[in-house]
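>>> Sequence plus the predicted model coming up.
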Amino acid sequence: MGNSWFPQGQNAEGGWRLDIVSLLAVIGESSMDSHLQVLTSSWYCVLPRLIPAPQALLKPLRPTRLPQINAAVVGVHNGTLVPTLNYFPEILHPIDDLPAFGFKVLQITHRDEKNRMFNRDLKSSSSNHSNHNQINPIASRQEESDQMLASANTDPRVIESGYKAPARKSTMRNLKRMMTKDDNRPRIPARHASPLNIITIISFFWTFALMIWAGIIGDGTAILALATISMVSSVVGLASWWHPVLMSRPSKAKVPAGDVVIRTREGAFLLVQCDEDVARELYTGTEECKYYVTTEGYPILVGMGTVLLMISVVLLGNCGFIMQAAIGLSYMVLNGVFWAASLLDKTRFWDLSYYNVEDVTPDDSRDAHLPSNDFTGDQEQRPSFTRTMWYAIRETKKIGWVKRGGAAPKTAEWDEWLRIAEHNAIQGNREWPAVLMRDYVVGKDSTITTSNLATSVHPHAEDRLQNRVPAFEIPPRESC
């Protein structure tokens, strides 16, 4: 030992000691925290396997809602104001990607909009025609054929033959819905082939390979250690197994469009054109976490997982040198893999194919965050909050959402500017100098006269600061 800088051999005096390898099993909680919700949203979470920091799942309470970020989300037509942006809209269109004073218009629809509306009409009319169908068998058969046409899993050749094909449903999906008792509310499932699910399957088989290896070399302690720590992932995974459920409209009456405007803290605006169903599901409704294990059963499973984790830590410290090295290396690789997975886009983990997102930003508004050469005035060329807000007003042709969302200061001068902006937006005057008129109306408190628009002279504001900040300031994100 005196002639070497490093230990020599195994476990002997002066050799390598791996008793601390059990510590590797509980390291990596920070990298696991970002994956907990996606990891436990699939049935793969109940597979027994090695996972870094299983204690990250041993929480006293389960979250009831998905994480949100601060933003002003206001309905253009209904005036609904939500001070936060939900989890899934942030994945569909990350607002952090919007630069300061940026502007974008997105159109979000359901991919199966036509089939969904057709199915809705069938359901609404079925009760009205039930008595008539009993008398008229031809109409009954026609409606039955229409219902089969509405099914995506029905072969058209079967419909032509007049026989009804049995509906194909996933057994796992039926089991899930029977356990949660939620059939009609929209859901966003996790991707079956997501990177985390692939890691889970590989870890599952690798864990059994380690157990076989331990059996070959006769290390019974390692077999027990691997079995107990694998059961921890199964128990706590079952306790935290959940799926997201979105809000839906209980009534299907005709309502105005559900367009929303999202304002970021950096002064960017995002206009989302959608119907009320999409707006309720993604923006104005809540995203709830529905668990398959009841609230009463959760602490029992967490207690079992805690006991199994403590036992496995003790057993890991008494494994043989070879298995300690193999298990320690496995945890180091798993920590690195989960850290690398946190760098991937979240769209790789969630199946958002239910929604179709299309960028319909007009060409004259596409580069709102960049200097423009479309105007002669220097003020109109520079990107600014006022210019971007005018772009949003120009597309919505309304100012109610501006006042409701607190995007503009609540002063008489700004109210006058908003009225003039709305008038020009309705008239289709896309070249209206918004920044220049702001300085003229707000800065000088002067009277502005336009055709078909009554204006008046406003007195000087009591507090000039009211003209310089929005009525509602978006709070910053919580520091990690």
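Great, that's in hand. If you're wondering where the values come from, they're calculated on a predicted model, not measured in any experiment.
>>> I'd like to know how many residues surround Ile322.
Using other CB atoms under 10 Å, Ile322 is surrounded by 15 other residues. For glycine as for every other residue, the C-beta is placed from the backbone atoms N, C-alpha and C.
>>> again, but for Glu266
15.
>>> Distance of the spatially closest residue to it that is not a sequence neighbour relative to Arg249?
Nearest non-adjacent residue to Glu266, counting by CB to CB, 6 or more residues apart in numbering: Ala100, 4.2 Å away. Applying CB to CB, to the nearest Å, the value for Ala100 to Arg249 is 35 Å.
>>> likewise Leu343?
Counting by CB to CB - Leu343 and Arg249 are separated by 37 Å.
>>> So those two - more neighbours on which side?
Neighbours per residue, other CB under 10 Å: of Leu343 and Arg249, the larger number sits with Arg249, 15 against 7.
>>> Need the pLDDT of the residue nearest to Glu266.
Listed pLDDT for Ala100 reads 92.
>>> so it sits right up against Ala368, yeah?
No. Using CB atoms under 8 Å, Ala100 is not in contact with Ala368, being 10.0 Å away.
>>> Comparing these two, which residue is more hemmed in?
The neighbour count for Ala100 versus Ala368, taken as other CB under 10 Å, is higher for Ala368 (26 against 15).
>>> which one is that one nearest to, not counting chain neighbours?
That would be Phe103: by CB to CB, 6+ apart, it lies 3.8 Å from Ala368.
>>> bridging residues for that neighbour?
Phe269 (DSSP bridges).
>>> what about it, neighbour count?
As a burial measure, Phe103 scores 27 neighbours (other CB under 10 Å).
>>> again, but for Gly405
26.
>>> Distance of the nearest residue to it once chain neighbours are set aside relative to Phe204?
Sequence neighbours aside, Val74 is the residue nearest to Gly405 in space, at 3.6 Å (criterion: CB to CB, 6+ apart). Val74 sits at a distance of 46 Å from Phe204 (criterion: CB to CB).
>>> ok, now Ile399?
57 Å.
>>> Between those two, which has more neighbouring residues?
More crowded of Ile399 and Phe204, by other CB under 10 Å: Ile399, with 22 against 17.
>>> so what's the more buried one up against?
Neighbouring residues of Ile399 by CB atoms under 8 Å, 6 or more residues apart in numbering: Ile393, Leu418, Arg419, Ala421, Glu422.
>>> any idea whether Pro244 is helix, strand or coil?
strand (DSSP: H, G, I helix; E, B strand; the rest coil).
>>> Quick check, it in contact with Gly285.
No. When contacts are counted by CB under 8 Å, Pro244 is not listed as touching Gly285 (11.6 Å).
>>> returning to that earlier point: helix, strand or coil: sort out the residue nearest to Glu266 for me.
Once three-state DSSP is applied, Ala100 turns out coil.
>>> Just checking, which helix or strand of this protein averages the lowest pLDDT?
In the chain, no helix or strand scores lower on mean pLDDT, DSSP states H and E than helix 156-161, which sits at a mean of 38.
>>> hmm, back to that, between Ala100 and Ala368, which contacts overlap?
Residues touching both Ala100 and Ala368 (CB under 8 Å, 6+ apart) are Pro383.
>>> Which residue is the nearest non-sequential neighbour of Pro475?
That would be Asn70: by CB to CB, 6+ apart, it lies 5.2 Å from Pro475.
>>> do Pro195 as well
Ala341 (5.1 Å).
>>> hang on, the one you found packs against Leu196?
Yes. With contact defined as CB under 8 Å, Ala341 reaches Leu196; the gap is 6.1 Å.
>>> any common contacting residues for those two?
Residues touching both Ala341 and Leu196 by CB under 8 Å, 6+ apart: His35.
>>> who has more neighbours, these two?
Neighbours were counted for Ala341 and for Leu196 using other CB under 10 Å; Leu196 has more, 24 against 20.
>>> Next, that one: secondary structure please.
From three-state DSSP, the assignment for Leu196 is helix.
>>> so who does it touch?
Leu196 neighbours (CB under 8 Å, 6+ apart): His35, Val38, Leu39, Ser42, Ala341, Phe349.
>>> In those residues, which has the lowest confidence score?
Within the set of the contacts of Leu196, pLDDT is lowest for His35 (86).
>>> Check the gap between the spatially most central residue of the chain and Trp350 for me.
By CA atoms, centre = their mean, the chain has its centre lying nearest to Phe88, at 1.9 Å. Phe88 is 7 Å from Trp350, where distance means CB to CB.
>>> Then Gly267?
Gly267 sits 29 Å away from Trp350, going by CB to CB.
>>> the more surrounded of those two?
Between Gly267 and Trp350, Gly267 has the larger neighbour count (other CB under 10 Å), namely 23 against 20.
>>> hang on, the more buried one packs against Tyr391?
No. Gly267 is beyond contact range of Tyr391, at 11.8 Å (criterion: CB under 8 Å).
>>> Kindly list the main-chain dihedrals of Val261?
Main-chain dihedrals, Val261, degrees, to the nearest 10: phi -120, psi 130.
>>> what's the burial count for it?
Using other CB under 10 Å, Val261 has 25 neighbouring residues.
>>> Per-residue pLDDT of it, please?
Val261 is assigned 95 on the pLDDT scale.
>>> can you give me the strands for the chain?
All strands of the chain, identified by DSSP state E, fall at 69-75, 81-85, 103-110, 242-245, 260-263, 269-273, 288-291, 355-359.
>>> most packed of those?
Mean neighbours per residue, mean count of other CB atoms under 10 Å, is largest over the strands of the chain for strand 260-263, with a mean of 26.
>>> Weed out the non-buried ones from the contacts of Leu196.
Neighbour counting over the contacts of Leu196 (16 or more other CB atoms under 10 Å) leaves His35, Val38, Leu39, Ser42, Ala341, Phe349 as the buried ones.
>>> from those, which two are the most distant?
Spanning the widest gap among the buried ones among the contacts of Leu196 are Ser42 and Ala341, at 14.0 Å by CB to CB.
>>> Tell me how far Cys319 lies from Thr228.
For Cys319, the distance to Thr228 equals 12 Å [CB to CB].
>>> wait, which of the strands of the chain is closest to Pro52?
Closest of the strands of the chain to Pro52 is strand 242-245, at 20.5 Å (criterion: CB to CB).
>>> then the closest one to PDB, C-alphas only?
This file holds the C-alpha atoms of strand 242-245, laid out as PDB (Å, rounded to 0.1, in the frame of the first residue of the first chain):
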ATOM      1  CA  TRP A 242     -52.300   8.900 -12.100                       C
ATOM      2  CA  HIS A 243     -53.600  10.400 -15.300                       C
ATOM      3  CA  PRO A 244     -54.400  14.000 -16.300                       C
ATOM      4  CA  VAL A 245     -58.100  14.900 -16.700                       C
END
